[in-house]
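*Asks:* my questions concern the predicted model and sequence given below.
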Amino acid sequence: MIFVDACFGKPTSHTPVWMMRQAGRYLPEYMEVRAQAGDFLSLCRDPEKACEVTLQPMDILGVDAAILFSDILVVPMEMGMELKFVKGEGPLFPNPIKTMEDLDALCIEEAADKLEYVYETIRLIRGKLAADKALIGFCGAPWTLATYMIEGQGTKTYAIVKKLIYSNPKFMHALLRKVTEVIKIYMQRQIENGVNAVMIFDSWAAALEESAYFEFSWDYMKEISAHLKAKYPHIPVIMFPKGISGYLDKIDGDFDVFGVDWSTPLELAKEKLGDKYVLQGNMEPTRLYNKDAIKEGVEKIVKTMDNNNRHIFNLGHGILPDIPVENAKYFIKQVQEQTKR
Ligand code: CP3
């Protein structure tokens with residue numbers, strides 16, 4: 001598998017490329033299957049349909065890896081929290097965690113069991129996906145998940161969760177501990193059911209000052225990756241803490257690939273982490289609106305990485321819903337052509 005080889009820095013015929021949110025709303029084929037399923041969460045819970053949308057970008061775009069179709073928020077949902085996706089507004093937990101009783105009510109083992117529909121989706125995809133294409137499994141970082149669980153929804157200021165970390169850090173750590181334990185079992189099961197690599201998304205990393213970031217987020221992510229690497233050394237682990245370019249000096253741990261977001265200069269990530277970790281990223285997603293911008297963006301990144309074997313091409317965050325499919329195809333083709341070795 002070219003993707004897995006690249007995660008370990010082994011030589012490949014070209015730099016493998018895939019896109020965050022590659023199975024999503026910019027594809028008319030996705031919109032059709034989502035409409036059949038009813039809504040987004042029903043699609044996540046329907047293994048046949050989730051398998052179908054996972055495979056769509058493989059055929060349509062010719063990407064080098066598939067990413068499991070699901071969402072990071074199914075974990076807190078199956079820990080016992082009601083979850084809604086409100087049209088045009090994103091995810092909502094109507095009853096966020098407020099008290100010790102709320103925290104005690106969250107389950108661990110049962111949550112990992114209830115996620116059986118994800119494991120079934122993985123088995124179906126692995127049965128249909130070409131043998132040389134990797135399937136990437138994923139989860140949210142405990143910090144990002146706990147932020148949603150405390151705030152109830154996306155937030156600009158993170159006021160509720162940050163008030164908590166400074167006024168009752170013990171409570172926050174107890175929540176992070178529970179989420180971490182579920183994630184460890186969940187990722188083990190994703191691997192045992194057939195994913196070939198795993199990625200941990202820390203979308204809200206940039207909300208924290210440096211010391212708080214390491215205490216409340218990175219240390220838990222590192223614990224999860226160390227746990228997985230000890231059990232499954234052949235499965236690459238990709239870490240994606242979004243927006244922490246100022247903290248790269250302190251990044252360490254047992255993992256294989258560091259996901260670089262678009263706001264972090266790739267040169268900087270290469271200088272600080274490129275010898276220790278393979279880098280993934282980091283084209284600015286809105287370059288996909290314009291073909292000249294795509295070509296130029298790919299050229300810049302190829303040049304920065306010296307077209308070597310220590311890079312996986314990706315966007316620096318998810319593809320936006322109104323990107324023309326033709327431009328997404330052009331991006332994938334540009335990477336595969338420009339990095340041919
Ligand atoms: O193709 C893939 O990348 C795999 C599937 C995937 C989804 N969500 C599908 C999805 C993955 C890996 C995620 C991760 C995810 N989910 C993250 C981390 C990555 C990131 O973007 O920072 C986060 C923070 C979430 C939570 C979430 N899910 C939000 C904030 C939203 C709404 C925002 C939006 O884009 O509308 C979702 C919904 C969601 N997850 C969609 C998809 C395809 C859109 C749902 C739809 O069909 O309407």
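*Replies:* Thanks, I have it.
*Asks:* which residues does the single nearest residue of the stretch 151-300 of the chain relative to the ligand contact?
*Replies:* Residue of the stretch 151-300 of the chain nearest the ligand, by CB to the nearest ligand atom: S203 (3.2 Å). C-beta: built from backbone N, CA, C; applies to glycine. By CB atoms under 8 Å, 6 or more residues apart in numbering, the residues touching S203 are 72, 140-141, 144, 242.
*Asks:* just send these back as CSV, with neighbour count and secondary structure too.
*Replies:* Converted to CSV, the contacts of S203 look like this (neighbours: other CB atoms under 10 Å; DSSP: H, G, I helix; E, B strand; the rest coil):
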residue, neighbour count, secondary structure
I72, 19, coil
G140, 23, strand
A141, 29, coil
T144, 24, helix
K242, 21, coil
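*Asks:* same for the ligand: which of those are within range?
*Replies:* I72 (CB under 6 Å from any ligand atom).
*Asks:* between the contacts of S203, which is nearest the ligand?
*Replies:* Nearest to the ligand out of the contacts of S203 is I72 (CB to the nearest ligand atom; 4.3 Å).
*Asks:* wait, isn't the closest one in contact with P142?
*Replies:* No: when contacts are counted by CB atoms under 8 Å, I72 is not listed as touching P142 (10.7 Å).
*Asks:* I'd like to know how far L27 sits from S203.
*Replies:* L27 is 22 Å from S203, where distance means CB to CB, to the nearest Å.
*Asks:* which residues of the stretch 101-250 of the chain lie near the ligand?
*Replies:* So far as CB under 6 Å from any ligand atom goes, the stretch 101-250 of the chain lies against the ligand at 138, 154, 201, 203.
*Asks:* can you pull out the strands in this structure?
*Replies:* Counting by DSSP state E, the chain has strands at residues 65-67, 84-86, 90-92, 134-140, 197-202, 237-241, 257-260, 278-283, 311-315.
*Asks:* and the fifth one, what other elements does it pack with?
*Replies:* Counting contacts by 3 or more CB pairs under 8 Å, 6 or more residues apart in numbering; DSSP states H and E, the secondary-structure elements packed against strand 197-202 are helix 2-7, strand 134-140, helix 142-151, helix 169-192, helix 219-231, strand 237-241.
*Asks:* show me the shaky parts of the chain.
*Replies:* Residue ranges of the chain with pLDDT under 70: none are present.
*Asks:* ok, what's across the strand from the residue nearest the centre of the chain?
*Replies:* Nearest to the geometric centre of the chain sits F201, at 4.0 Å (CA atoms, centre = their mean). Beta-bridge partners for F201, by DSSP bridges, are G140, F240.
*Asks:* let me have the strands of the chain in a markdown table, adding distance to R21 as columns.
*Replies:* Compiled in a markdown table, those are given as follows (distance: least, CB to CB, whole Å):
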| stretch | distance to R21 |
| --- | --- |
| strand 65-67 | 9 |
| strand 84-86 | 15 |
| strand 90-92 | 13 |
| strand 134-140 | 11 |
| strand 197-202 | 11 |
| strand 237-241 | 13 |
| strand 257-260 | 13 |
| strand 278-283 | 13 |
| strand 311-315 | 8 |
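*Asks:* which of those strands sits most buried?
*Replies:* For these, the largest average neighbour count (mean count of other CB atoms under 10 Å) is found in strand 311-315, namely a mean of 28.
*Asks:* using PDB, write out every CA atom in that one.
*Replies:* Only the C-alpha atoms of strand 311-315 are listed here, as PDB (Å, rounded to 0.1, in the frame of the first residue of the first chain):
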ATOM      1  CA  HIS A 311       5.500  13.500   2.800                       C
ATOM      2  CA  ILE A 312       1.800  12.700   2.300                       C
ATOM      3  CA  PHE A 313      -0.100  15.200   0.300                       C
ATOM      4  CA  ASN A 314      -3.400  16.500   1.700                       C
ATOM      5  CA  LEU A 315      -5.300  19.800   2.200                       C
END
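*Asks:* starting at the chain centroid, how far to it?
*Replies:* Chain-centre distance of strand 311-315: 13 Å, with CA atoms, centre = their mean, to the nearest Å.
*Asks:* hmm, it touching the ligand?
*Replies:* No: on the criterion CB under 6 Å from any ligand atom, strand 311-315 is out of touch with the ligand, staying 10.1 Å away.
*Asks:* bridging residues for the residue of the stretch 51-200 of the chain found nearest the ligand?
*Replies:* Nearest residue of the stretch 51-200 of the chain to the ligand, counting by CB to the nearest ligand atom: G90, 3.9 Å away. Under the criterion DSSP bridges, G90 forms beta bridges with V86.
*Asks:* quickly note the distance from it to G154.
*Replies:* 5 Å.
*Asks:* do the same with V298
*Replies:* Distance from V298 to G154, by CB to CB: 30 Å.
*Asks:* list the contacts of stretch 83-93.
*Replies:* 39-41, 71, 73-74, 76-77, 81-82, 94, 148-149, 152-154.
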